[in-house]
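Visitor: Take a look and give me a structure for this.
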Amino acid sequence: MSLDGRNVTVLGAGVGGLAAAIALARRGARVTVLEQSDAIREVGAGIQISPNGAVVLRALGLTEPLEHIATQAEAVELRDGYSDDLVLRLDMARLRPQQTFYFVHRADLIGLLAKGAQDAGVGVKMLHKVTHVDLSDPAPRLTLENGPQIECDLLIAADGLHSPTRIALGGKGTPFFTGQVAWRAVIPNTQFGAIAEVHLGTGKHLVSYPLRNGQWRNIVAIEERARWVEESWTLREDPMQMRLAFGDFSPRVKSWLDQIDDVWCWGLHRRPVASVWGKTTTEGAAFILGDAAHSTLPFLAQGACMALEDAWVLADLLEQNSDDIALSHYAQTRVARCQRIVAGADSNARAYHLSGLPRWIGHFGLRTMNRFAPELAMRRFDWLYDHDVTRRA
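Guide: All right, here's what the predicted structure looks like:
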């Protein structure tokens, strides 16, 4: 089915929603994005864009502006959090010179996508918070917080972890707490090299990498906790809590934490990958993407990349097929891959937080691989990074 002139409503002006809006508008659709906040902005800090996400930004014509705001990654290093000793180095620049990995500030990426959407003719309506989605016939209907209802032809819901669209599709309503709490902050950067460092500890780890041409250093610290923590991204916390949690880490890590004056804290919640990714009605259709379909732990740095993949795949399918065929192919294309990514992130969470003998054995194995066959470590991720949703079979 041609998208030319078709009215599309996108819920959410995040990475997935804006990418989908651009992809659909460039295929001829008339796209309106509904955003619940009063402006398109993103609190937060750093985000990683691996090659599978970068190819989507390239296909959207955004590589040049991306390279102005992002830092190209050289390597990822796993380090012992207590001694700072190197455990494993994934040298992307040397082992994957044909691929590009980026570190970018989340706000900068949102700004880039918002500009791309504007250039593509996408309309954006702020202060439009959707509280209920009705997917009964004849067409998808949205209820806004302030009362009005909106009927949609084609609804694309990038409406996050608490997606009312997923609930309307019959999905589980309440995300579960994963037992992980994260702090995030940025500090001035005084180190050279575009390297992401993962400092491993027992029941916790800390990730750091440069942002904004090396001017800033992104800090994300994860700790296992039994108690429930609210899943908001906008909870402030006393930096001393983070310093105490990582007080036994290396002096270099503690020197970073000592510089933090402003820190955000959030509990990591998720739901299983959705079994239903959309629905067609007699006069319309609705689809979900991003966290609404497959929230994940951040330990493969794939949240944004998964949403970018979803956006491109869905726009491509809708351009070539009727809504019902697009829906069938969309689920077939995305479910298995997203399940594998979510499982991989869960596995990394366990591996990063080992203790006792399993920790010693695991680190010994990684050090051995790092010394004798570092390329094998990179090959483990070929299935992830080599995937190009923009290349048609």
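Visitor: Show the secondary-structure elements that the helix or strand where His269 lies is packed against.
Guide: Assessed by DSSP states H and E, His269 sits inside strand 263-270. Where contact means 3 or more CB pairs under 8 Å, 6 or more residues apart in numbering; DSSP states H and E, strand 263-270 is packed against strand 176-188, strand 235-237, helix 239-245. Any C-beta I mention is one placed from the backbone N, CA and C, and that applies to glycine too.
Visitor: try 10 Å this time
Guide: strand 176-188, strand 216-224, strand 235-237, helix 239-245, helix 291-294, helix 323-352 (3 or more CB pairs under 10 Å, 6 or more residues apart in numbering; DSSP states H and E).
Visitor: Determine the angle, from 0 to 180 degrees, between that strand and strand 176-188.
Guide: Per axes from the mean of the first three to the mean of the last three CA atoms, to 10 degrees, the angle that strand 263-270 makes with strand 176-188 is 150 degrees.
Visitor: Quick one: name whatever helix or strand follows strand 263-270.
Guide: Following strand 263-270 toward the C-terminus (DSSP H and E): strand 278-281.
Visitor: Report the contact partners of Arg340.
Guide: Contacts for Arg340 were tallied using CB atoms under 10 Å, 6 or more residues apart in numbering; they are 273, 300, 383-384.
Visitor: quick one: strands adjacent to the strand holding His269?
Guide: strand 176-188 (antiparallel), strand 235-237 (antiparallel) (DSSP bridges).
Visitor: Let me have the ones you listed in a markdown table, adding mean neighbour count as columns.
Guide: Output for those, formatted as a markdown table (neighbours: other CB atoms under 10 Å):
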| stretch | mean neighbour count |
| --- | --- |
| strand 176-188 | 19 |
| strand 235-237 | 13 |
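Visitor: buried subset of the contacts of Arg340?
Guide: 273, 300, 384 (16 or more other CB atoms under 10 Å).
Visitor: circling back to that earlier point, which members of the contacts of Arg340 define the maximum pairwise distance?
Guide: Across those, the longest distance by CB to CB is 16.7 Å; it joins Val273 and Trp383.
Visitor: Would you format the helices and strands packed on strand 263-270 as JSON lines with distance to Ile195 included?
Guide: As requested, these are exported to JSON lines (distance: least, CB to CB, whole Å):
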{"stretch": "strand 176-188", "distance to Ile195": "16"}
{"stretch": "strand 216-224", "distance to Ile195": "11"}
{"stretch": "strand 235-237", "distance to Ile195": "27"}
{"stretch": "helix 239-245", "distance to Ile195": "22"}
{"stretch": "helix 291-294", "distance to Ile195": "28"}
{"stretch": "helix 323-352", "distance to Ile195": "17"}
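Visitor: Buried deepest among the ones you listed, which one?
Guide: Of the helices and strands packed on strand 263-270, the one with the most neighbours on average (mean count of other CB atoms under 10 Å) is helix 291-294, at a mean of 28.
Visitor: Which helix or strand lies directly C-terminal to it?
Guide: Downstream of helix 291-294 (by DSSP H and E), the next one is helix 303-320.
Visitor: relative orientation of that following helix and helix 323-352 in degrees?
Guide: For helix 303-320 against helix 323-352, the angle by the same axes, to 10 degrees is 170 degrees.
Visitor: Quick one: distance of helix 303-320 to the chain centre.
Guide: Relative to its parent chain, helix 303-320 has a centroid offset of 13 Å by CA atoms, centre = their mean, to the nearest Å.
Visitor: Can you list the buried residues in it?
Guide: If you call a residue buried by 16+ other CB under 10 Å, then helix 303-320 has these buried ones: 303-319.
Visitor: before we move on, what about stretch 283-299?
Guide: Residues of stretch 283-299 classed as buried: 284-299 (neighbour count, 16+ other CB under 10 Å).
Visitor: what's near enough to touch the closest residue to Ile187 other than its chain neighbours?
Guide: Distances taken as CB to CB, 6 or more residues apart in numbering put Gln259 closest to Ile187, at 4.3 Å, once the chain neighbours are dropped. Contact analysis of Gln259 by CB under 10 Å, 6+ apart lists 185-188, 190, 217, 219, 239.
Visitor: Please identify which two of the residues you listed are farthest apart in space.
Guide: Maximum distance among these (CB to CB): 18.4 Å, for Thr190 and Pro239.
Visitor: Is it correct that Lys115 is in contact with Gly61?
Guide: No: in this structure Lys115 lies outside contact range of Gly61 using CB atoms under 10 Å: 11.3 Å.
Visitor: what's the overlap in contacts for the two?
Guide: Common neighbours of Lys115 and Gly61 (criterion: CB under 10 Å, 6+ apart): Ile22.
Visitor: Asp159 and Val133, how far apart?
Guide: Computed as CB to CB, to the nearest Å, the Asp159 to Val133 distance reads 8 Å.
Visitor: which neighbours do those two share?
Guide: Contacts common to Asp159 and Val133, judged by CB under 10 Å, 6+ apart, are 11, 165-167.
Visitor: can you tell me which of those are in strands?
Guide: Of these, the ones assigned to strands by DSSP state E are Leu11.
Visitor: Of the shared contacts of Asp159 and Val133, which belong to helices?
Guide: 165-167 (DSSP state H).
Visitor: if we can go back for a sec, the strand holding His269 - what's its average pLDDT?
Guide: When pLDDT is averaged along strand 263-270, the result is 86.
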